[in-house]
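Any chance you can model this:
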Amino acid sequence: MSSPFSRIVVEYRGVQEALRDLEDYVVFTVEPPWSSVKGLLTHPPIETVMVEEVDRETLDANTSRVTHAGTAVGLGGGRAVDAAKYFALKTGCRFVSVPTILAADAYLTPKAGVRIDGVVNYIGDKFADEIVVDQKIIRGAPKRLNRAAIGDIYSARISLLDWRRARDEAGEEYDPAVAAKAEEVLSRLMALAPEIKEVTAGAIRPLVEMHMTLNSLQFPYLQRGKFWPQEGTEHLFFYTLEKLVGRPFVHGDVISTGAVVATYLHGADPEKTKDDLRSFGVDFTAGAVGITYDEFEKTIRSMKRVGKEAGAEYLVVERGAPTESDVREMWRLVSQ
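Model (predicted):
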């Protein structure tokens, strides 16, 4: 059976052309980029929803207020896309994803990140009917927000470490062919580091393609509650941090911080991970992403519990607790 990702239409063209033939559509967006994009549209949406929050109460209120739309367009970053995705999920209308940055792969995933009682939950099963990639708009965003796209790709390196540990320690099913395909994506990613660092015209399409490939490889495992070969312990670090501190982060940056942490926990080479991340121009350091030592320590100490609560098994955090020395060494690694 083919992956649902293979049926998503990805259009590399301008927003004006892509939305020209839509009639009864609603746009969920943010500032920026809406003020600079709205003037490009041939005809305006029936309603524009400025997305301030993605808590369930606000999203449900939007669904009740906007009584009808043939298409929900999410135009912006993850917040705008998730709001449109949620609306489409609830109303059954078409969903068009128009990412204006690539900081995370939310623009192509079927789940919407929704805050429930202050905690982000990933709910639903709504694939985009179309993804519009306007390379000019994306390249016009701050470079940091597009360099962060590598977080949900480099994460495969950690996911493969997790998967092999699960194979060796818990007898989990392991598919060498799938792992090899993930390794091919990682090799492609590293080869493109100079292009990605500068966010050149040659970087955008490969980033989208790599996001798509890894999500397609992951999809059959997600149906069984597993996350390989795309997400690993680095995502657990992110989810735990976000849950504990209750404020948003640039997804790919904190995933990269988590990759350094996870490499250390696996007994691999965190300095290599740091060198890899720096080659993309990603600043994964605690100071850059805005994490204090107390928040970091609490996150490390809570990862096992949060993983259990989510029903996910990350053996590298389940087999023993980090010592105080471990925590301080990981803090040193992510502080320089």
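
Can you show me the strands along the chain?
Along the chain, counting by DSSP state E, strands occupy 9-11, 25-29, 47-50, 71-76, 94-99, 112-116, 119-123, 130-132.

Pipe those into TSV and attach mean pLDDT and distance to residue 150 per row.
C-beta coordinates here come from the backbone N, C-alpha and C atoms, glycine included. As requested, these are exported to TSV (pLDDT from 0 to 100; distance: least, C-beta to C-beta, whole Å):
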stretch	mean pLDDT	distance to residue 150
strand 9-11	95	19
strand 25-29	97	25
strand 47-50	96	29
strand 71-76	98	20
strand 94-99	98	15
strand 112-116	89	19
strand 119-123	81	21
strand 130-132	98	19
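
Mean neighbour count, those strands: which tops it?
Using mean count of other C-beta atoms under 10 Å, the stretch among those with the greatest mean number of neighbours is strand 71-76 (a mean of 28).

picking that back up, so which of the strands of the chain is nearest residue 333?
Nearest of those to residue 333, taken as C-beta to C-beta: strand 119-123 at 25.9 Å.

Pull up the pairing partners for that closest one, direction included.
Taking DSSP bridges as the criterion, strand 119-123 sits next to strand 112-116 (antiparallel) in its sheet.

Give me the angle between the strand it pairs with and strand 71-76.
Using axes from the mean of the first three to the mean of the last three C-alpha atoms, to 10 degrees, the inter-axis angle of strand 112-116 relative to strand 71-76 is 80 degrees.

Residue 197 and residue 147 touch, don't they?
Yes - at 6.6 Å, residue 197 and residue 147 qualify as touching, with contact defined as C-beta atoms under 8 Å.

what do these two both touch?
Any residue near both residue 197 and residue 147 by C-beta atoms under 8 Å, 6 or more residues apart in numbering counts here, and that gives 280, 281.

can I get the strands of the chain in JSON lines with distance to residue 280?
JSON lines is the format used below for the strands of the chain (distance: least, C-beta to C-beta, whole Å):
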{"stretch": "strand 9-11", "distance to residue 280": "22"}
{"stretch": "strand 25-29", "distance to residue 280": "27"}
{"stretch": "strand 47-50", "distance to residue 280": "31"}
{"stretch": "strand 71-76", "distance to residue 280": "23"}
{"stretch": "strand 94-99", "distance to residue 280": "18"}
{"stretch": "strand 112-116", "distance to residue 280": "24"}
{"stretch": "strand 119-123", "distance to residue 280": "25"}
{"stretch": "strand 130-132", "distance to residue 280": "23"}
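
of all the ones you listed, which lies closest to residue 202?
Of all the strands of the chain, strand 9-11 comes closest under C-beta to C-beta, at 16.7 Å.

And the contacts of that closest one?
With C-beta under 8 Å, 6+ apart, strand 9-11 has contacts from 18, 129, 130, 131, 132, 133, 208, 212.

in the stretch 151-300 of the chain, which spans are helices?
Ranges of helices in the stretch 151-300 of the chain, per DSSP state H, counting those that start in this stretch, are 151-170, 176-191, 193-198, 204-222, 233-245, 251-265, 270-279, 286-289, 293-309.

Buried deepest among those, which one?
Comparing the helices of the stretch 151-300 of the chain by mean neighbour count (mean count of other C-beta under 10 Å), helix 251-265 ranks first with a mean of 27.

which other helices and strands contact that one?
helix 151-170, helix 233-245, helix 270-279, helix 286-289, helix 315-318, helix 324-335 (3 or more C-beta pairs under 8 Å, 6 or more residues apart in numbering; DSSP states H and E).

helices or strands next to the second one in the packing?
The one in question is helix 233-245. strand 119-123, helix 151-170, helix 251-265, helix 293-309, helix 315-318.

returning to that earlier point: which stretch among the helices of the stretch 151-300 of the chain comes nearest residue 38?
Proximity to residue 38 (C-beta to C-beta) singles out helix 204-222 among the helices of the stretch 151-300 of the chain, at 22.1 Å.

what's the closest one packed up against?
When contacts are defined as 3+ C-beta pairs under 8 Å, 6+ apart, helix 204-222 sits against helix 135-139, helix 151-170, helix 176-191.

And residue 237, how far from residue 306?
Counting by C-beta to C-beta, to the nearest Å, the separation of residue 237 from residue 306 is 10 Å.
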